[in-house]
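Undergrad: Predicted model, plus sequence, below.
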Amino acid sequence: MEISPDFFKKIFPEFKDNEDKFIQIFLNINSKKLSKDFFGVEWELAVLNLSAHQLITSSKGTLNKEVISENIAGVQRTYKSINSSNECYSSTPYGLEYLRIKKENSYTRCFVT
């Protein structure tokens with residue numbers, strides 16, 4: 001089943017002003033990238049949240065990195081490095097929800113016999 005931009009906007013009305021073609025790009029990529037076997041019944045929710053996260057971060061151009069030092073006159077700025085492969089997802093509530101779904105399904109897979 002293909003997830004449509006209209007369905008995406010019903011779930012996340014805050015994206016109503018985003019162009020359908022950009023939403024569809026992320027939905028298509030994530031629909032192929034995320035395994036239905038891994039996410040099970042929450043696959044659609046994982047695709048939606050990951051796509052929402054990527055829409056937010058792509059519109060900003062960069063991830064929300066913490067500034068740890070700044071020199072205004074010399075225009076020097078130092079950012080905290082991301083040291084976890086999942087840390088970038090914590091910059092949006094959609095990324096956090098994606099991580100929660102991913103983590104829950106990881107636990108489920110470990111305990112199913």
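TA: Received, thanks. Residues are numbered from 1 along each chain as shown.

Undergrad: C-alpha only now, for contacts and for neighbours.
TA: OK.

Undergrad: pretty sure residue 24 is touching residue 6, no?
TA: No. Taking contacts as CA atoms under 8 Å, residue 24 lies outside contact range of residue 6: 9.6 Å.

Undergrad: Who has more neighbours out of these two?
TA: Using other CA atoms under 10 Å as the criterion, residue 24 and residue 6 rank with residue 24 on top: 18 against 14.

Undergrad: Grab the CA positions of the strand or helix carrying that one and hand them over as CSV.
TA: For residue 24, the enclosing helix or strand under DSSP states H and E is helix 20-33. The C-alpha coordinates for helix 20-33 follow below in CSV (Å, rounded to 0.1, in the frame of the first residue of the first chain):
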residue,chain,number,x,y,z
ASP,A,20,2.8,17.1,-2.0
LYS,A,21,5.7,16.3,-4.2
PHE,A,22,8.2,16.8,-1.4
ILE,A,23,6.2,14.7,1.0
GLN,A,24,5.8,12.0,-1.5
ILE,A,25,9.6,11.8,-2.1
PHE,A,26,10.2,11.1,1.6
LEU,A,27,7.3,8.7,1.8
ASN,A,28,8.6,6.7,-1.3
ILE,A,29,12.1,6.5,0.0
ASN,A,30,11.1,5.5,3.5
SER,A,31,8.5,3.0,2.3
LYS,A,32,11.3,1.2,0.5
LYS,A,33,13.9,1.6,3.2
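
Undergrad: Excluding residues flanking it in the chain, which one is nearest residue 27?
TA: residue 51 (5.9 Å; CA to CA, 6 or more residues apart in numbering).

Undergrad: distance of residue 40 from residue 95?
TA: Separation of residue 40 from residue 95 (CA to CA, to the nearest Å) stands at 18 Å.
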